[in-house]
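Asker: coords please:
(2 chains)
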Number of protein chains: 2
Amino acid sequence: MKTDLDPAVAARLKRGSDGLVAAIVREHDSGAVLMLAWMDDEALHRTLTTGRATYWSRSRREYWVKGATSGHHQYVRSVALDCDGDALLVTVEQVGAACHTGAPTCFFDELPVSGGES
Amino acid sequence: MKTDLDPAVAARLKRGSDGLVAAIVREHDSGAVLMLAWMDDEALHRTLTTGRATYWSRSRREYWVKGATSGHHQYVRSVALDCDGDALLVTVEQVGAACHTGAPTCFFDELPVSGGES
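Answerer: Take a look at the predicted model:
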């Protein structure tokens, strides 16, 4: 897909075999981890230049501006790339619930940890 | 790969085409997002049962107990699965630097955000 993403940024991305990088989404005020989504170059370009978090939906195979249908907008405060270029940390102001279930975050399903000291 | 991961947990995972799920790693005390890594079923099993964060290295194609060579151990406090089963949030006590560069987190490369209100 043709994209206007800054070539200097594009050169630092290490995409998976599907052309995507993982985007961790964090709430600006609380620091809470809200969700994980996926971006291709164009989704990242739109996120950086519109200030609205925009992802690639792997299931629907289309771009997805968070909140466009739900009203649960994500206003982008900052975006950081990780040391090896395969993940992004997107810090947002979240309107309403981040999760499509209505939960504040998508990570509400705790798994049992049985090992280790603590 | 044969694994002893609890079948009830395995049934909830939605793996990528490479058999992996993304693992977001967060520091317990500060809430800081430290890194993104990858787990297959066996890495998750080891993480849940040993209390030591264990990943699948996509580049080296092997299991990787964080800190085994660096001493920068991650003691697992909790693990949560997201609503659609394709991402994990691993909360750890981090010893030393999380990033192989020596930085406290892997997300130190800020990208310019030009759009939107703030």
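Asker: for stretch A:2-15, measure first residue to last.
Answerer: 16 Å (Cα to Cα, to the nearest Å).
Asker: ok, the nearest residue to residue A:80 once chain neighbours are set aside to residue B:73 distance?
Answerer: Leaving aside its sequence neighbours, residue A:80 sits nearest to residue B:107 (Cβ to Cβ, 6 or more residues apart in numbering or on different chains; 4.1 Å). C-beta coordinates here come from the backbone N, C-alpha and C atoms, glycine included. According to Cβ to Cβ, to the nearest Å, residue B:107 stands 20 Å off from residue B:73.
Asker: higher neighbour count, these two?
Answerer: More crowded of residue B:107 and residue B:73, by other Cβ atoms under 10 Å in any protein chain shown: residue B:107, with 26 against 16.
Asker: wait, what's in contact with that one?
Answerer: By Cβ atoms under 8 Å, 6 or more residues apart in numbering or on different chains, residue B:107 lies in contact with A:80-82, A:87, A:89, B:33, B:35.
Asker: helices of chain A, start to end?
Answerer: A:7-10, A:41-50 (DSSP state H).
Asker: what about the closest residue to residue A:87 other than its chain neighbours, how many residues nearby?
Answerer: Spatial nearest neighbour of residue A:87, excluding adjacent residues (Cβ to Cβ, 6+ apart): residue B:36 at 3.7 Å. When counting by other Cβ under 10 Å, one arrives at 24 neighbours for residue B:36.
Asker: so residue B:36 touches residue A:84, yeah?
Answerer: No. In this structure, residue B:36 is not within contact of residue A:84 by Cβ atoms under 8 Å, at 9.3 Å.
Asker: so what sits against both of these two?
Answerer: With Cβ under 8 Å, 6+ apart, residue B:36 and residue A:84 have common neighbours residue B:106.
Asker: need the residues that contact stretch A:40-53.
Answerer: Here stretch A:40-53 has contacts from A:1-6, A:9-10, A:13, A:15, A:19-21, A:23, A:25, A:37, A:39, A:54-56, A:63, A:65-67, A:73-76, A:79, A:88, A:90, A:92, B:111-118, using Cβ under 8 Å, 6+ apart.
Asker: in strands, which of those fall?
Answerer: A:21, A:23, A:25, A:37, A:39, A:54-56, A:63, A:65, A:74-76, A:79, A:88, A:90, A:92, B:111 (DSSP state E).
Asker: rewinding a little: of the contacts of residue B:107 - the most surrounded one?
Answerer: residue B:35 (27 neighbours).
Asker: hang on, isn't that one packed against residue B:104?
Answerer: No. Counting by Cβ under 8 Å, residue B:35 stays clear of residue B:104, with 10.3 Å between them.
Asker: shared neighbours of these two, anything?
Answerer: Common contacts of residue B:35 and residue B:104, defined by Cβ under 8 Å, 6+ apart, comprise residue B:98.
Asker: which residues does the most centrally placed residue in chain A bridge with?
Answerer: Taking Cα atoms, centre = their mean, the centroid of chain A lies closest to residue A:23, which sits 3.4 Å from it. Using DSSP bridges, the bridge partners assigned to residue A:23 are residue A:37, residue A:88.
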